[in-house]
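[1] here you go, sequence then predicted model.
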Amino acid sequence: MTDAYAPEQVIESVTSLTAERLSHFERLRIVTPVTTPDGPRYHMLDIRRITLLCELTDDFEVNEDALVIIMSLLDQLHGAHSRLEQVMQAIGAEPSEIKLRLSQRLQGDTTAD
Amino acid sequence: MPKDPYAALGLTKDATADEIKKAYRKIARTDHPDLNPDDPLSEARFKDAGRAYDLLKDPEQRRRFDAGEIDASGAEKAPRGYYRDEARRPENPYTQSRSGAGGSPFNQGFETDDFFANFARNRGAYGRGTPADSPGQDMQYRLAVPFLDAAIGTRTRITLPDGGALEVSIPEGARDGQILRLRGKGGPGFGAGPRGDAFITLDVIPSPDFERDGDDIVVTLPVTIDEAILGGKVPVRTVSGTVSVSVPVGASSGQVLRLKGRGVKGRTGKGDQRVTLRIVSPPKVDQALKQFMESWREDHPYDPRAGKESA
């Protein structure tokens, strides 16, 4: 992780973000900056997440409770996707008879044993 | 060619400001790329609507567009990125399954029951019923750790949003993205339930001097021409201090020397430090060196490119 932005840079780059709003997101624990000796730092991932949070708040008028739930669901979705991807890669590295058996199983073929 | 902004919102020129806002909100709600991670077309619809809304929400801009003073792309911005582009990366700290050491269910021993329990596990307090006595919420933190601190281990602290502090000990050989679990350092329990845990995702700050490859440390060591030719002891930095490395007689650039046990601690003991030599010419080639090389070359030609295709 090499890209690291200070809070001022984040506020500067996300139009509708203010210092109050940023610390509000952090109190809600939907944004977690990286603790560094120079103070909190944010990565591009955080900036895009914050942009989404601002849009959800401004454009959709999502309230605070709903915002926390949306982010929790979204994180679970992305997390599940990423783990599924890892499973697929792991399966992809297996010999072809195992891949074949798995794909038969996934298609509901119970004779695959 | 940008679309007609009214068409992008499904409206006509006589739409009111309120209708424009409503139409945009409706499209944004159904087509926001972050809410439709698997629909590639959602981004196009969302972008078109966003561009149209940016143009039409301002009465003055709308007037100028209607009057033909600016075209529909008048306010086009640099392409923006979406959260979803970053969110799928396995190292996304917000999506880590909080399952203890290593952070990933795949890093642990493969216990089938645990594996699938972790795999399907929800995070945090949501989605669980909350019986009267239940454990407190788990708290997530991210901590930047300088390369050397991660390699040799250290103690540090995190300042919490409420002003408190959390003592964290960074284990020797900590990896980028590793998650530490501090039991009982999360939110207070409900009723008689225990406190939740704190999960700390480590963010190892790269070092200009060292690189890590598994449990090995990789460095480049510049040596002088005479050191390369004559060999000898040369000081080299390791994560645990400076040591002497023996440069063999007649060393070449790219040659790798291995310092056993000078790497970082991993699951299978300590790694090594691999030192890649790089021969550096003197800053100034003086007359003596030049004359010596010229006369040496006369009687000692050699071809390091032998067997390779010559340019």
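    Sure, I can see it. Numbers count the residues shown, from 1 in each chain, chains lettered A, B, ... in the order given.

[2] please count neighbours and contacts with C-alpha atoms only from this point.
    Will do.

[3] count of residues packed around residue A:15?
    10 (other C-alpha atoms under 10 Å in any protein chain shown).

[4] what's the answer for residue A:17, then?
    Counted with other C-alpha under 10 Å, residues neighbouring residue A:17 total 16.

[5] just say helix, strand or coil for it.
    Following DSSP: H, G, I helix; E, B strand; the rest coil, we place residue A:17 in the coil state.

[6] you'd agree it is up against residue A:54?
    Yes - the pair residue A:17 / residue A:54 is scored as a contact, 6.9 Å apart, by C-alpha atoms under 8 Å.

[7] spatially nearest residue to the spatially most central residue of chain A (excluding sequence neighbours)?
    For chain A, residue A:75 is the residue whose C-alpha lies nearest the centre (C-alpha atoms, centre = their mean; 4.7 Å). When the adjacent residues along the chain are set aside, residue A:75 lies closest to residue B:95, with 5.1 Å between them (C-alpha to C-alpha, 6 or more residues apart in numbering or on different chains).

[8] what's the distance between the one you found and residue A:74?
    Using C-alpha to C-alpha, to the nearest Å, we find residue B:95 at a distance of 9 Å from residue A:74.

[9] more neighbours, the two?
    Set side by side, residue B:95 and residue A:74 show more neighbours around residue B:95, with 23 against 19, by other C-alpha under 10 Å.

[10] which residues touch the residue nearest to residue A:75?
    A:75, A:76, A:78, A:79, B:87 (C-alpha atoms under 8 Å, 6 or more residues apart in numbering or on different chains).

[11] in helices only, show me the residues you listed.
    Judged by DSSP state H, the contacts of residue B:95 include A:75, A:76, A:78, A:79, B:87 as members of helices.

[12] top of those by number of neighbours, please.
    Among those, residue B:87 has the most neighbours (other C-alpha under 10 Å), with 26 neighbours.

[13] for that residue, give me its contacts.
    Residues near residue B:87 by C-alpha under 8 Å, 6+ apart: A:45, A:78, B:95.

[14] now do the contacts for residue 50.
    Going with chain A. A:14, A:31.

[15] actually chain B
    Counted by C-alpha under 8 Å, 6+ apart, residue B:50 has contacts B:24, B:28.

[16] could you rerun that using 10 Å?
    Listed by C-alpha atoms under 10 Å, 6 or more residues apart in numbering or on different chains, the contact partners of residue B:50 are B:5, B:8, B:9, B:24, B:25, B:27, B:28, B:32, B:44, B:56.

[17] return the member of those residues nearest to residue B:254.
    Distance to residue B:254 across the contacts of residue B:50 (C-alpha to C-alpha) is lowest for residue B:44, with 49.3 Å.

[18] got any ranges where chain A has weak pLDDT?
    A:1-2, A:109-113 (pLDDT under 70).

[19] domain map for it?
    For chain A, whose domains are defined here by automatic domain parsing, the residue ranges read A:1-62, A:64-113.

[20] hey, which of the ones you listed is tucked in deepest?
    Most buried of those by mean neighbour count (mean count of other C-alpha atoms under 10 Å in any protein chain shown) is domain A:1-62; its value is a mean of 17.

[21] all set, thanks.
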